[in-house]
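Enquirer: Could you look at this predicted model? Sequence included:
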Amino acid sequence: MTARDDFRAGARAAIPIVLGYLSIGLAYGVLGVAAGVPGWAVVSMSVLVFAGSAQLVAVSLLGQGAGAGELVAAALLLNLRHILYASALAPLLEPMTRGRLAWVAYELTDETFVVATQAAKQRGRLSFPFEVGLNGISQLSWVGGSVLGVVAGSFVGDPERLGLDYALIAMFLGLLALQMRGRREVVVALAAAAISTVLWLMGLGSTGALVATVVVASVGAIIRPGTGPDLPTHVGTATDGGPGTEPGP
């Protein structure tokens with residue numbers, strides 16, 4: 001297959017992501033404007049950060065008057081999982097330059113990771129043009145949704161009237177549901193909810209959620225050490241001279 005064919009295949013694989021990103025990006029843009037964030041800053045985050053959950057948390061915290069420290073801590077904790085994603089994705093990629101690997105790592109999201117790993121089971125090693133089609137089209141839809149949200153935000157007013165303020169909760173419930181594979185995951189999730197609720201009732205607010213995240217993540221790491229996303233078994237690794245010998249994202 002040519003580079004153009006690979007790009008088109010990646011773009012086709014991105015279609016389900018595009019449909020989701022347009023709607024959630026719209027909600028994010030409306031919520032950002034409602035929180036008092038300038039429209040240019042809302043869209044710039046979609047271009048420079050490209051992390052839906054972190055962006056939704058950021059505008060939510062800004063609306064509550066949170067400081068820079070809380071914003072940075074929240075984004076860091078939310079995106080730590082990308083280290084696992086990048087480690088799992090690296091062996092599935094064809095050899096690439098460091099610059100291209102850096103771009104792939106920057107474009108990595110929950111959704112593109114899932115689609116890429118599924119595509120690798122059918123296609124084998126993923127080329128850079130495929131990743132450009134998948135990730136590039138996905139981010140364009142997210143940025144487009146954000147722009148639409150900023151424009152719509154000036155007409156919507158209070159996003160609670162349309163239930164758009166629930167977008168953040170819905171996104172995290174969806175991510176949580178994907179992780180519920182057994183009793184341990186359920187116990188950890190319930191523990192996080194309980195700790196966060198107790199700390200919120202004590203007046204810690206959003207800081208309590210961060211504390212609960214750190215506590216249950218540490219407990220989860222102790223309970224299930226050394227686990228990570230499953231990898232296709234037929235894709236090349238460092239032991240067979242495949243992409244695993246190249247620096248990972």
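Expert: Thanks, I have it.
Enquirer: Okay, Leu31 and Gly208: tell me how far apart.
Expert: Taking Cβ to Cβ, to the nearest Å as the measure, Leu31 and Gly208 are separated by 21 Å. Every C-beta, even on glycine, is put in place using the N, C-alpha and C of the backbone.
Enquirer: Give me the more crowded residue out of the two.
Expert: Comparing Leu31 with Gly208 by neighbour count (other Cβ atoms under 10 Å), the higher total belongs to Leu31, at 26 against 18.
Enquirer: mind checking pLDDT for the more buried one?
Expert: For Leu31, the pLDDT comes out at 84.
Enquirer: correct me, but it touches Val57?
Expert: No - taking Cβ atoms under 8 Å as the definition, Leu31 is not a contact partner of Val57, at 10.6 Å.
Enquirer: Would you point out which residue is most central in this protein?
Expert: By Cα atoms, centre = their mean, the mean C-alpha position of the chain lies nearest to Thr109, the distance being 3.9 Å.
Enquirer: Could you pull up phi and psi at that residue?
Expert: For Thr109, the backbone dihedrals (degrees, to the nearest 10) come out as phi -130, psi 170.
Enquirer: Let me know the pLDDT of Thr237.
Expert: Taken from the predicted model, the pLDDT recorded for Thr237 is 37.
Enquirer: now Pro38
Expert: Pro38 is assigned a predicted lDDT (pLDDT) of 89.
Enquirer: how close does Arg8 get to Thr2?
Expert: The value you get for Arg8 to Thr2, if Cβ to Cβ is used, is 9 Å.
Enquirer: Settle it for me: which of the two has more neighbours?
Expert: Taking Arg8 and Thr2 together and counting by other Cβ under 10 Å, Arg8 has the greater number of neighbours (15 against 8).
Enquirer: Stretch 177-186: end-to-end distance?
Expert: From its first residue to its last, stretch 177-186 covers 10 Å (Cα to Cα, to the nearest Å).
Enquirer: What of stretch 130-137?
Expert: Taking Cα to Cα, the span from the opening residue of stretch 130-137 to its closing residue is 11 Å.
Enquirer: Over to stretch 104-117?
Expert: Length of stretch 104-117, first residue to last, Cα to Cα: 13 Å.
Enquirer: where do the helices sit along this protein?
Expert: Assigned by DSSP state H, the chain shows helices spanning 3-13, 15-34, 39-48, 52-63, 68-79, 81-89, 98-106, 110-123, 128-131, 137-156, 167-179, 183-201, 206-223.
Enquirer: Next, the contact list for Thr213, please.
Expert: Shown here is Thr213, whose contacts under the criterion Cβ atoms under 8 Å, 6 or more residues apart in numbering are Leu77, Ala192.
Enquirer: mind checking how far it is from Val42?
Expert: Distance check for Thr213 against Val42: by Cβ to Cβ, it reads 25 Å.
Enquirer: do you know how far the residue nearest to the centre of the chain is from Val147?
Expert: Shown here: Thr109 relative to Val147, a distance of 18 Å by Cβ to Cβ.
Enquirer: Any buried residues in stretch 49-60, and which?
Expert: In terms of neighbour count (16 or more other Cβ atoms under 10 Å), stretch 49-60 has its buried residues at Phe50, Ala51, Gly52, Ser53, Ala54, Gln55, Leu56, Val57, Ala58, Val59, Ser60.
Enquirer: what does stretch 142-161 give?
Expert: With burial defined by 16+ other Cβ under 10 Å, the residues of stretch 142-161 counted as buried are 142-150, 152-153, 156, 159.
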